[in-house]
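when you get a sec, could you give me coordinates for this:
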Amino acid sequence: MGGEMSLVLPHLYLGSLKDRTNSALMVKNKVKRILCVIDIPDIIVDKEEYKPTHILNIPAADAQEQDLAQYFEKCIEFIHQARIEHENILVHCQAGVSRSATIVLAYVMTIGDYDVEKALQIVKGARGYIHPNPGFLSQLKRYYTNDVKKNWYRLTRRYPSYAFDNDENFVKSSLNIYWQQFEPAFIAEPVYWSMHKKNSKKIYIYVYKCYPIVVTEQIIDNNQEQKLKRIITINEENPSASIVIDEQQILSHDKQVEKTSVIPSTTKRYHGSKNKFTSSKTIRRSNTMRSK
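Have a look, this model is predicted:
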């Protein structure tokens, strides 16, 4: 994998063996501590010119049967101590994709009480190509269920000066970056829809297929938008959504409609000519398409 080490949170870098052996990069990022997750960590010593002050070696292979969870507590405390003392730490494995990413995910889950999916979004916002193997993902899910709150309580007692508020802006930024990567795909991915006449006054439009991220498509009549009132309820576990439109406001085949992609969050209400939704979480991308 290419790229340099990635800053996930203040003082916390995620990277590769190549990053660790790049003395100029280590000096540039002022890395003082290293958490190495490689099955034979001793082979690195002879390659190093830059000497960190603290090193923790975790002998682990990138294999689904590898028990990495047994090291979570030790690694999380090592990372947290470095950050509390305002020293930069690099967590790395061979490529910075699976093993070291799993350790960083466990740390992020602990300090923010995030489930695996949310932690993946945060870390991928900083380093988009991380990909823990399925065995590690299963271990992270068990860790969230059984141990996250316990380890967080232990950290807060030992390091009472830590405040998650200091990391909040980094988390928000990473989540924004993560979601932005899907915006072009919302427009490019075809969406299949059809109309079903339920009575003489109403037409229901159902979205049958969306981009893998749950998206709903809203068909807006630009010429009649001042008269439209729509309510869309989005369930994150069900990508289908229904839209109710007065039959008289259905466009002919020759008229243009606006296609708007919305990231699911809460119930959203369309307000006629204001062309706005009530939910502040909504991210909108528009282009023009012809009605069918």
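
mind listing the helices for the stretch 51-200 of the chain?
When assigned using DSSP state H, counting those that start in this stretch, the helices of the stretch 51-200 of the chain occupy the ranges 72-84, 99-112, 116-126, 134-146, 148-158, 165-180, 183-188.

run through the stretch 151-292 of the chain and note the low-pLDDT ranges.
Residues of the stretch 151-292 of the chain meeting the criterion pLDDT under 70: 182-292.

what about Pro52, neighbour count?
Other residues lying near Pro52 total 17 when counted by other C-beta atoms under 10 Å. C-beta here means a position set from N, CA and C on the backbone, and glycine is covered the same way.

surely it is in contact with Lys32?
Yes: in this structure, Pro52 sits in contact with Lys32. The criterion is C-beta atoms under 8 Å, and the distance is 5.7 Å.

between these two, which contacts overlap?
Listed as contacting both Pro52 and Lys32 by C-beta atoms under 8 Å, 6 or more residues apart in numbering is no residue at all.

still on that earlier bit, so which of the helices of the stretch 51-200 of the chain gets nearest Gln66?
Nearest to Gln66, of all the helices of the stretch 51-200 of the chain, is helix 134-146, at 6.7 Å by C-beta to C-beta.

helices or strands next to that closest one in the packing?
Helix 134-146 sits against helix 99-112, helix 116-126, with contacts defined as 3 or more C-beta pairs under 8 Å, 6 or more residues apart in numbering; DSSP states H and E.

now do the buried residues in the last one.
The neighbour-count criterion (16 or more other C-beta atoms under 10 Å) identifies Val116, Lys118, Ala119, Leu120, Gln121, Ile122, Val123, Lys124, Gly125, Ala126 as the buried residues of helix 116-126.

nearest to Trp152, of these?
The shortest distance between Trp152 and any of the buried residues of helix 116-126, using C-beta to C-beta, involves Ala119 and amounts to 13.2 Å.

mind listing what the residue nearest to Thr156 when sequence neighbours are not counted touches?
Sequence neighbours aside, Tyr162 is the residue nearest to Thr156 in space, at 7.1 Å (criterion: C-beta to C-beta, 6 or more residues apart in numbering). Under the criterion of C-beta under 8 Å, 6+ apart, the neighbours of Tyr162 are His80, Arg83, Ile84, Ile111, Leu155, Thr156.

for Gln70, which of the helices and strands packed on helix 134-146 is the nearest?
Closest of the helices and strands packed on helix 134-146 to Gln70 is helix 99-112, at 11.5 Å (criterion: C-beta to C-beta).

the inter-axis angle of that closest one versus helix 134-146?
Here helix 99-112 runs at 10 degrees with respect to helix 134-146, directions being taken by axes from the mean of the first three to the mean of the last three C-alpha atoms, to 10 degrees.
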